[in-house]
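**Q** Let's see this in three dimensions:
(chains A and B)
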Amino acid sequence: MEMIKNAQDEGRPLDDVYAIMISNNANYQIRFTGNQYQIKTFTEAQNNVFRDLYTEYMKDRIGNQKSLELGLLYFMSEKMNLKGVTLYRMDANGINKEIKPNANKTDTVESNCPN
Amino acid sequence: MLIKQIQSNQIVQTKIYIMKHILIILILTTISYNAQTVSLEAAAQCRATSNCPNFNYIKDINNSLNKYISTWKGNYNGKIYELNFIKKINIGEDIKKDKLIGRIKITDSNGNIIYNTFYESDDAQTRFKGDNFQPDLKAYMMNFTGDSPQGCINYGTVYLRIKPETPNKMSILYLADYDIVQGECPNSFVSTFPEKQTISLIKQ
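**A** Sure thing, here's the model as predicted:
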């Protein structure tokens, strides 16, 4: 979000900013797809609190990829009230998928990205 | 008379029918409850192979956490480390877990308290919470989140190890998380736990 805010302040397109995580199981990308009013930054003290809660929330999902994906989306949206962030998984077969929570936020739904 | 007997027979049969269904429902509930409850050990080990099923309760079925419950004390590099652990059961949101909650008190060689969460009455706010055993089950991992100035990492995993032959001794080891930080960490920064150093503690 600091990076998004920086892009906004510098007048650069917000969709130029993204982060990629490479792991054993899959590679992920997060992008900000919201609007300028959804840009939200946090103080160092807030970050420390969220870090504690996030660690606790996510560690029990390790070893279950789908549960980790849902946990990340749920935590950002519902605990941090961070909207407009989209998660993509880049599978080894070259297919990229957008991952979203379902309507009642109990599971994820996936859709293929356009080529 | 005959009609009365038939009626009473019907009532008995209906009762048996209802009882049977209640029994089936009870059995099914127990089965589905058990299917979603796993031991701490099973959850620790499935992580290593990334094949954890969906579960909603990670339970200390074998009472493996009980040996940690106490206050432990030791010295390292002129500082006194006091750790207290309690066990809490069935806490969490969609995934519940039995876990240790830790409190920390660190005193320097002049007797000044440099870190203290012993006064924190809310178990959810101690920022030192049990995760699970490592996959070989020899050490229990605690998540520690200290205050981190910008650019610094003062959070990670504290490994608690009690060897079965010495139940009154515990060794702890802190490994900081790897993370992305913003900016330079000031030279004056000192992490709450010394990194990659083993500290020996004695049960009080």
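**Q** contacts and neighbour counts: CA atoms only from here.
**A** OK.
**Q** Just the residues contacting stretch B:102-119, thanks.
**A** B:78-86, B:120, B:126-130, B:192 (C-alpha atoms under 8 Å, 6 or more residues apart in numbering or on different chains).
**Q** restrict these to those near chain A?
**A** Under the cut-off given by C-alpha under 8 Å from any C-alpha of the partner chain, chain A has B:127, B:129 from the contacts of stretch B:102-119 close to it.
**Q** Do you have the helices of the chain handy? List them.
**A** Defaulting to chain A. Here chain A has its helices, by DSSP state H, at A:2-10, A:44-59, A:65-74.
**Q** hm, I was asking about chain B
**A** B:2-36, B:40-48.
**Q** and these, which one is worst for confidence?
**A** Among the helices of chain B, helix B:2-36 has the lowest mean pLDDT, at a mean of 55.
**Q** how about the residues of chain B near chain A?
**A** B:46-54, B:92, B:95, B:127, B:129, B:131, B:143-150.
**Q** Kindly recompute the last result at 6 Å.
**A** B:47, B:50-52, B:145 (C-alpha under 6 Å from any C-alpha of the partner chain).
**Q** which among these end up buried?
**A** B:47, B:52, B:145 (16 or more other C-alpha atoms under 10 Å in any protein chain shown).
**Q** Pick out whichever of these sits closest to chain A.
**A** residue B:47 (4.2 Å; C-alpha to the nearest C-alpha).
**Q** Pretty sure the closest one sits against residue A:61.
**A** No - checked against C-alpha atoms under 6 Å, the pair residue B:47 and residue A:61 is beyond contact range at 8.5 Å.
**Q** Which pLDDT value goes with the closest residue to chain B within chain A?
**A** Taking C-alpha to the nearest C-alpha, chain B has its nearest neighbour within chain A at residue A:63, 3.7 Å off. According to the prediction, residue A:63 has pLDDT 91.
**Q** Now do the residue of chain B found nearest chain A against residue A:46, distance only.
**A** Nearest to chain A in chain B, going by C-alpha to the nearest C-alpha, is residue B:50, at a distance of 3.7 Å. Distance from residue B:50 to residue A:46, counting by C-alpha to C-alpha, to the nearest Å: 31 Å.
**Q** Same check on residue B:162?
**A** For residue B:162 relative to residue A:46 (C-alpha to C-alpha), the value is 35 Å.
**Q** Likewise for residue B:116?
**A** Distance of residue B:116 to residue A:46, given as C-alpha to C-alpha: 20 Å.
**Q** Neighbour count: the two, which is higher?
**A** Under the neighbour definition other C-alpha atoms under 10 Å in any protein chain shown, residue B:116 and residue A:46 were set side by side, and residue B:116 has more, 15 against 11.
**Q** Specify the beta-bridge partners of that one.
**A** Using DSSP bridges, the bridge partners assigned to residue B:116 are residue B:105.
**Q** pLDDT weak spots in chain A?
**A** A:115 (pLDDT under 70).
**Q** Up against chain B, what does it have?
**A** Taking C-alpha under 6 Å from any C-alpha as the criterion, chain A approaches chain B at residues A:52, A:62-64.
**Q** For the residue of chain A closest to chain B, which non-adjacent residue is spatially closest?
**A** The spatially closest residue to residue A:63, leaving aside those adjacent along the chain, is residue B:50, at 3.7 Å (C-alpha to C-alpha, 6 or more residues apart in numbering or on different chains).
**Q** Is that neighbour in contact with residue A:65, as I believe?
**A** No - taking C-alpha under 6 Å as the definition, residue B:50 is not a contact partner of residue A:65, at 7.7 Å.
**Q** Any regions of chain B where pLDDT drops low?
**A** Counting by pLDDT under 70, chain B has low-confidence residues at B:1-35.
**Q** residues touching residue A:18, list them.
**A** Counting by C-alpha atoms under 6 Å, 6 or more residues apart in numbering or on different chains, residue A:18 touches A:30-31.
**Q** same check, this time on the one 3 residues further on
**A** With contacts taken as C-alpha under 6 Å, 6+ apart, residue A:21 has the following neighbours: A:27-28.
**Q** let's see 7 Å
**A** Listed by C-alpha atoms under 7 Å, 6 or more residues apart in numbering or on different chains, the contact set of residue A:21 reads A:27-29.
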